[in-house]
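Colleague: Have a look at this prediction, sequence included:
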Number of protein chains: 2
Amino acid sequence: MSEEQHFNTLLQFFKVLGNESRLKILGLLANDERTVGELAALLELREPTVSHHLAAMKELGLIDVRVEGNNRVYWLKTQFLENLSRDIFSQSNLATLATDETGDAWEDKVLRYYVVDGRLKDIPSKHKKRLVVLQWLCAQFEPGRRYHELELNERLRAYHPDCASLRRYMVEDRLMARDNANMYWRLV
Amino acid sequence: MSEEQHFNTLLQFFKVLGNESRLKILGLLANDERTVGELAALLELREPTVSHHLAAMKELGLIDVRVEGNNRVYWLKTQFLENLSRDIFSQSNLATLATDETGDAWEDKVLRYYVVDGRLKDIPSKHKKRLVVLQWLCAQFEPGRRYHELELNERLRAYHPDCASLRRYMVEDRLMARDNANMYWRLV
DNA sequence: TTTCTATTTAGATGATTATCTAAATAGAAG
DNA sequence: CTTCTATTTAGATAATCATCTAAATAGAAA
């Protein structure tokens, strides 16, 4: 299961159970299977309301139903809960919930951290973060224009002393290209 | 913890985590402690919004905070989650969720089960249920009027063959009283 | 002291959702 | 076939809640 799916499953699970009526239904079905009418009487709700809640719980896979004459008998799939409780709350699984921060926000944060007063505090060692920083760096150069290695180095040094690493990384990540005459230009 | 408290704790827990922003916060704090501002940037929300969510999570005991200068650093109390996941989902604990059915609904259900076509299918052996049935039975008699034991028995037999038990239970539970002349009358 | 910065509190607004009634459905009973 | 019963679907309403802006707070920096 992908991280995003895991996140959404979990979110749906909490949403479904984060409701007084549905949590009561869960408790009732943990004791015994029930028809819609029985649940409605026990909860003091109308049938359509209960039906609506049951649909949400069934959608999640928490309960299932069988038909008996005019009645629909709902029952709890206890397996579902057992799997979830064992699996969900481990530190490692929780940690992945956060990696949903894919968008600009995460990149902004990385940049805010590494770029201080227009200079690079550090060159990130993690590739993903480094790429963000390099893309920002690359954007500081004119698109289309060609720079000699000497000029490039000088300009890069304004951002970080280790201009050689910056230059190498930029080529490695295909943000810049070079020709035989030691000229560099933006690829993105 | 009482059953009702258990129910409410669990309900609050699901409500708090059944929200996209708060579930993301949980994930982020599972990786590292964070200030309000950091969380706001990562989630692309305003500080007051994040602050509001953090308050809900703290109220629940899921996270805690320490002050560092102007910042407030929030961190996950992993113990809380571990306790909950181990404890919550056991069949026995789930089963108690339902006993919240205290009101009229439960009594109605008991009556619906025991009273069939105006007669008692059975005399409940559990006192709590028997009381419900006896109160209904008692209501079938005229308030204020006095009944001789012979008449009472005859009328009770219309509900259940074991009229003696019914009569005894009614006196025992102070629903009816008797005098020396074998006369009975309603007390409630 | 005054100013600045991070956060919380207060209050408003819009979106979501729990619930209801009325109507549709479908199977059972006659 | 018609009627009855249990349930679901559709649609309306009202309550809850997530989010925002503006203002208050409180500690840090100057």
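Modeller: All right, it came through fine.
Colleague: Can you spell out which helices and strands pack onto the helix or strand containing A:Tyr74?
Modeller: Assigned by DSSP states H and E, A:Tyr74 belongs to strand A:71-76. In terms of contact count using 3 or more Cβ pairs under 8 Å, 6 or more residues apart in numbering or on different chains; DSSP states H and E, strand A:71-76 is assigned the packing partners helix A:20-31, strand A:34-35, helix A:36-43, strand A:63-68. (Glycine included, C-beta is placed from N, CA and C.)
Colleague: Recalculate using a threshold of 7 Å.
Modeller: When contacts are defined as 3 or more Cβ pairs under 7 Å, 6 or more residues apart in numbering or on different chains; DSSP states H and E, strand A:71-76 packs onto helix A:20-31, strand A:34-35, strand A:63-68.
Colleague: got the domain boundaries for chain A?
Modeller: Split into domains by automatic domain parsing, chain A comes to A:3-97, A:104-186.
Colleague: hang on, the earlier thing: buried ones in the strand holding A:Tyr74?
Modeller: By neighbour count on 16 or more other Cβ atoms under 10 Å in any protein chain shown, the buried set for strand A:71-76 is A:74, A:76.
Colleague: And for stretch A:138-153?
Modeller: For stretch A:138-153, the neighbour count (16+ other Cβ under 10 Å) marks A:138, A:141, A:147, A:152 as buried.
Colleague: List of residues touching it?
Modeller: Contacts of stretch A:138-153 with the rest of the structure, by Cβ atoms under 7 Å, 6 or more residues apart in numbering or on different chains, involve A:163, A:167, A:170, A:175-176, A:182-186, A:188.
Colleague: Can I get that stretch as PDB, trimmed to CA atoms?
Modeller: Taking Å, rounded to 0.1, in the frame of the first residue of the first chain, the C-alpha atoms of stretch A:138-153 are listed here in PDB:
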ATOM      1  CA  CYS A 138      20.200  27.200 -11.100                       C
ATOM      2  CA  ALA A 139      17.300  29.700 -11.300                       C
ATOM      3  CA  GLN A 140      19.800  32.400 -10.300                       C
ATOM      4  CA  PHE A 141      21.400  32.100 -13.800                       C
ATOM      5  CA  GLU A 142      20.200  33.400 -17.000                       C
ATOM      6  CA  PRO A 143      18.400  30.800 -19.200                       C
ATOM      7  CA  GLY A 144      20.000  30.500 -22.600                       C
ATOM      8  CA  ARG A 145      23.200  32.300 -21.700                       C
ATOM      9  CA  ARG A 146      26.500  30.400 -21.700                       C
ATOM     10  CA  TYR A 147      29.000  30.800 -18.800                       C
ATOM     11  CA  HIS A 148      32.700  29.900 -18.900                       C
ATOM     12  CA  GLU A 149      33.800  27.700 -16.000                       C
ATOM     13  CA  LEU A 150      35.800  30.500 -14.500                       C
ATOM     14  CA  GLU A 151      32.800  32.800 -14.400                       C
ATOM     15  CA  LEU A 152      30.600  30.100 -13.200                       C
ATOM     16  CA  ASN A 153      32.900  29.300 -10.300                       C
END
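Colleague: quick revisit: want to try TSV for the helices and strands packed on strand A:71-76, with mean pLDDT as columns?
Modeller: Listed next are the helices and strands packed on strand A:71-76 as TSV, based on pLDDT from 0 to 100:
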stretch	mean pLDDT
helix A:20-31	92
strand A:34-35	94
strand A:63-68	94
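Colleague: Take these and write them to a markdown table, including distance to B:Leu43 and mean neighbour count.
Modeller: Converted to a markdown table, the helices and strands packed on strand A:71-76 look like this (distance: least, Cβ to Cβ, whole Å; neighbours: other Cβ atoms under 10 Å in any protein chain shown):
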| stretch | distance to B:Leu43 | mean neighbour count |
| --- | --- | --- |
| helix A:20-31 | 27 | 21 |
| strand A:34-35 | 40 | 21 |
| strand A:63-68 | 33 | 13 |
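Colleague: Can you add distance to B:Trp75 and give those back as JSON lines?
Modeller: Below are those laid out as JSON lines (distance: least, Cβ to Cβ, whole Å):
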{"stretch": "helix A:20-31", "distance to B:Trp75": "28"}
{"stretch": "strand A:34-35", "distance to B:Trp75": "42"}
{"stretch": "strand A:63-68", "distance to B:Trp75": "36"}
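Colleague: Those: which one's closest to B:Gly37?
Modeller: helix A:20-31 (34.7 Å; Cβ to Cβ).
Colleague: Now do the closest one: which elements does it pack against?
Modeller: helix A:3-17, helix A:36-43, helix A:47-60, strand A:71-76, helix B:3-17, helix B:91-96.
Colleague: what about stretch A:54-66 and chain B, touching?
Modeller: No. Judged by Cβ under 7 Å from any Cβ of the partner chain, stretch A:54-66 stays clear of chain B, getting no closer than 11.5 Å.
Colleague: Touching that stretch from outside, list them.
Modeller: For stretch A:54-66, contacts defined as Cβ under 7 Å, 6+ apart pick out A:12-13, A:16, A:22, A:25, A:29, A:36, A:72-77, A:80.
Colleague: Tell me the confidence at the residue of chain A most remote from its centre?
Modeller: Ranking residues of chain A by C-alpha distance from their mean position (Cα atoms, centre = their mean) puts A:Gly69 at the top, at 45.0 Å. Per-residue confidence at A:Gly69 stands at 90 (pLDDT).
Colleague: and it, how far is that from DNA strand C?
Modeller: Plainly put, A:Gly69 is 4 Å away from DNA strand C if you go by Cβ to the nearest atom of the strand, to the nearest Å.
Colleague: For that residue, which residues are in contact?
Modeller: Counting by Cβ under 7 Å, 6+ apart, A:Gly69 makes contact with nothing.
Colleague: List the neighbouring strands of the helix or strand A:Ala177 falls within plus their orientation.
Modeller: Here A:Ala177, judged by DSSP H and E, is contained in strand A:176-178. Sheet pairing for strand A:176-178, assigned by DSSP bridges, gives strand A:183-186 (antiparallel).
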